[in-house]
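Enquirer: what follows is a predicted protein model with its sequence.
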Amino acid sequence: MFEVIGLVSASSDAGMTEQGSLDYAIEELKKQAAKLGANGVLLVSSGESTTGFVGNVAVIAKTVQGKAIFVKAQ
């Protein structure tokens, strides 16, 4: 059993690759959940958003949202 203790979200355009950006965003999601006292995260959604432009190239950030959960020992 688990209890939902909050909602968390994060984004990142820090990675050198799309997967790197997604990995970074998920790590940030985990850190936010831990600050709420969670010991797990249920990923609710992921996507992309444009954060700006460098010349004529769009800078795309990976976004993730989740539920911070506390899994109870049985």
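Expert: Looks like it arrived, so ask away. Numbering: from 1, shown residues only.

Enquirer: which helix or strand contains Ile5?
Expert: Using DSSP states H and E, Ile5 maps to strand 2-12.

Enquirer: against Ser12, how distant is the nearest residue to Glu48 once chain neighbours are set aside?
Expert: Spatial nearest neighbour of Glu48, excluding adjacent residues (CB to CB, 6 or more residues apart in numbering): Ile60 at 5.2 Å. (Glycine included, C-beta is placed from N, CA and C.) Separation of Ile60 from Ser12 (CB to CB, to the nearest Å): 10 Å.

Enquirer: shared neighbours of the two, which are they?
Expert: Ser21 (CB atoms under 8 Å, 6 or more residues apart in numbering).

Enquirer: more neighbours: which of those two?
Expert: Ser12 (20 against 14; other CB atoms under 10 Å).

Enquirer: and the more buried one, how far from Lys72?
Expert: Counting by CB to CB, the gap from Ser12 to Lys72 is 31 Å.
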